[in-house]
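Peer 1: got a sequence here, can you model it:
(one chain, ligands or ions: 1)
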Amino acid sequence: MKPEPNRSMEYHVLPPKGLLNDPNGLIYYKGLYHVFFQWNPHGTDHSFKYWGHATSSDLVTYEYHEAALQPVDWFDKNGCYSGSAIEHDGKLYLFYTGNVKSEEGERTSYQCLAVSEDGMSFKKLGPVTRHPEGYTQHMRDPKVMRGEDGVFYMILGAQRDDLTGDTVAYRSEDLLSWEFMGSIMSVREKLGYMWECPDILKLKGKDVFVFSPQGLEPEGYRFNNIFQTGYYMGCFQGGRFHWDGQPFEELDRGFEFYAPQTFVDEKGRTILFGWMGTMPSEMENAMPTVKEGWVHHLSLPREVSTAGGKLVQVPVEELRSLRHEKKEYSGRNIGFEIPHRAYELGIRLEGNVETFDLLYRNEIKIRFEAVGRRFIVERTNWATSLRETRSVTLDGNLKSIEIYTEETSMEIFINSGEEVFSLRYFAKEDDRKVSMEIEGAGSGIEAVSYRLE
Ligand code: FRU
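Peer 2: Residues are numbered from 1 along each chain as shown. The predicted model follows:
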């Protein structure tokens, strides 16, 4: 039976009920965008992992379908874990990790294949690789891509026997038989104990290796979430990633962002969805939406590119079709109310900005200080009720902020997507005020807002 859509939000992919985590199998196939996701339809915890399935013709509204993969076979009985999709000879191939746990709690990971001719029903073909020497059973999240040489490459998040994170590659001519190639890294850097959800983005002039390492210690303003997602730049060729040596950079500076995946659509755009989750279990369990029977959602789809040695992300242009009731504001000190559940706010800053402050529904505070070029986002932790911040040093001055928000979710794009903060928040329902203030000679704010519908 087709699951009833969950209407708590309109523009984010969210679980029809239960728990959602990573985006999986993103692809444009036979005229539709397919967005699969890690899904527990039975509860708001992580005990079961299916592949949920939504499709869209426009990346704005989604239709939900029956689960594409269910954890019912010997090779995936404890979870159809994350993976990816690729089209070949008109068929849709899904690669995913079958997670199996013994009675003693020991894990075995199988990299599995399921094939579909219509994008709606999937036939499982079972495991397609052999586990390599030198790596623990923490090996998962196959991302399969076609190389420039016509060969298929599968990259996998991995853990070496010495308990350090890595990413490995397999190669195949036919997507059915796979040969192990070893680590993709040309240079080895120790970065945590496990790398999850690896992805390679082939962008103009640069390849970007995105992954989610676990086990990084906080370093000042960096790595303050429980797990991080970030990237290296370089060149991916013949199954090897030739890293250019620039340090691992976080992809999103917010509180809730993890395990993103990208795909190239029919227009040639590289589009990314992330999971707006990953949080300590105390926070996950205390999430106010648990009472409504669901937790977590995906980020909005973002078009990614590179500029100035950085990954840049902007909401896909299709989201502009939602704009209604344009309102404009200008001045040095602005205040207004927003009675809408889904909302876009565009802010341009003129002149010499010394400080900029924004207070949103008496819950989220945004501040920029030109001294140190720090951009700071503050919110209330809903489990502890304490205020907490995430922040980043901008490359230059603050010029613009684009905010997309639904009732409990916010994505903040800074300076045309040079930096992004994704977060959940829970404001008092009756507080709908927004205020902004700027300091600095000749400075001013130009803002425009839209109800999204
Ligand atoms: C990342 C992850 C993946 C795994 C999946 C299981 O959030 O841990 O590595 O495949 O979630 O749901």
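Peer 1: before we move on, which element is the one residue in the stretch 201-350 of the chain that gets nearest to the ligand in?
Peer 2: The ligand sits closest to residue 259 of the stretch 201-350 of the chain, with a gap of 4.2 Å, by C-beta to the nearest ligand atom. The C-beta positions use only the backbone N, C-alpha and C, and glycine is treated the same way. Using DSSP states H and E, residue 259 maps to strand 258-264.
Peer 1: who are the packing partners of that strand?
Peer 2: Packed against strand 258-264 by the contact rule (3 or more C-beta pairs under 8 Å, 6 or more residues apart in numbering; DSSP states H and E) you find strand 18-29, strand 80-88, strand 194-203, strand 206-214, strand 270-275.
Peer 1: and the angle for the last one with strand 194-203?
Peer 2: Okay, so that is strand 270-275. Angle of strand 270-275 versus strand 194-203, following axes from the mean of the first three to the mean of the last three C-alpha atoms, to 10 degrees, is 160 degrees.
Peer 1: which strands or helices does strand 270-275 pack on?
Peer 2: Strand 270-275 packs on strand 18-29, strand 32-40, strand 194-203, strand 258-264, strand 302-307, going by 3+ C-beta pairs under 8 Å, 6+ apart.
Peer 1: mind putting the ones you listed in a markdown table, mean pLDDT and mean neighbour count included?
Peer 2: As requested, these are exported to a markdown table (pLDDT from 0 to 100; neighbours: other C-beta atoms under 10 Å):
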| stretch | mean pLDDT | mean neighbour count |
| --- | --- | --- |
| strand 18-29 | 98 | 25 |
| strand 32-40 | 98 | 24 |
| strand 194-203 | 98 | 23 |
| strand 258-264 | 98 | 25 |
| strand 302-307 | 97 | 19 |
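Peer 1: so how far is the worst-scoring helix or strand of the chain on mean pLDDT off the chain centroid?
Peer 2: Lowest on mean pLDDT, DSSP states H and E among the helices and strands of the chain sits helix 281-285, with a mean of 94. Its chain's C-alpha centre lies 19 Å from the corresponding centre of helix 281-285 when counted by C-alpha atoms, centre = their mean, to the nearest Å.
Peer 1: what residues of that helix count as buried?
Peer 2: For helix 281-285, the neighbour count (16 or more other C-beta atoms under 10 Å) marks 283, 284 as buried.
Peer 1: with just CA atoms, put that helix into PDB.
Peer 2: This file holds the C-alpha atoms of helix 281-285, laid out as PDB (Å, rounded to 0.1, in the frame of the first residue of the first chain):
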ATOM      1  CA  SER A 281      20.300  10.300  20.700                       C
ATOM      2  CA  GLU A 282      19.100  12.400  23.600                       C
ATOM      3  CA  MET A 283      18.300  15.100  21.100                       C
ATOM      4  CA  GLU A 284      16.900  12.700  18.500                       C
ATOM      5  CA  ASN A 285      14.500  11.200  21.100                       C
END
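Peer 1: pLDDT on the helix or strand just after it, on average?
Peer 2: Sequence order places strand 294-295 as the next helix or strand after helix 281-285, per DSSP H and E. The average pLDDT within strand 294-295 is 97.
Peer 1: can you check stretch 1-9 too?
Peer 2: 85.
Peer 1: how about that stretch: buried residues?
Peer 2: Going by neighbour count (16+ other C-beta under 10 Å), the buried part of stretch 1-9 is 3, 5, 6, 8, 9.
Peer 1: now check the least confident helix or strand of the chain, is it near the ligand?
Peer 2: No - using C-beta under 6 Å from any ligand atom, helix 281-285 stays clear of the ligand, coming no nearer than 12.0 Å.
Peer 1: what does that helix contact?
Peer 2: Helix 281-285 is touched from outside by 44, 277, 295, 381, 382, 383, with contacts defined as C-beta atoms under 8 Å, 6 or more residues apart in numbering.
Peer 1: at 10 Å instead, please
Peer 2: Contact with helix 281-285 is made by 19, 44-46, 226, 255-256, 277-279, 290, 295-296, 381-384, 424, as judged by C-beta atoms under 10 Å, 6 or more residues apart in numbering.
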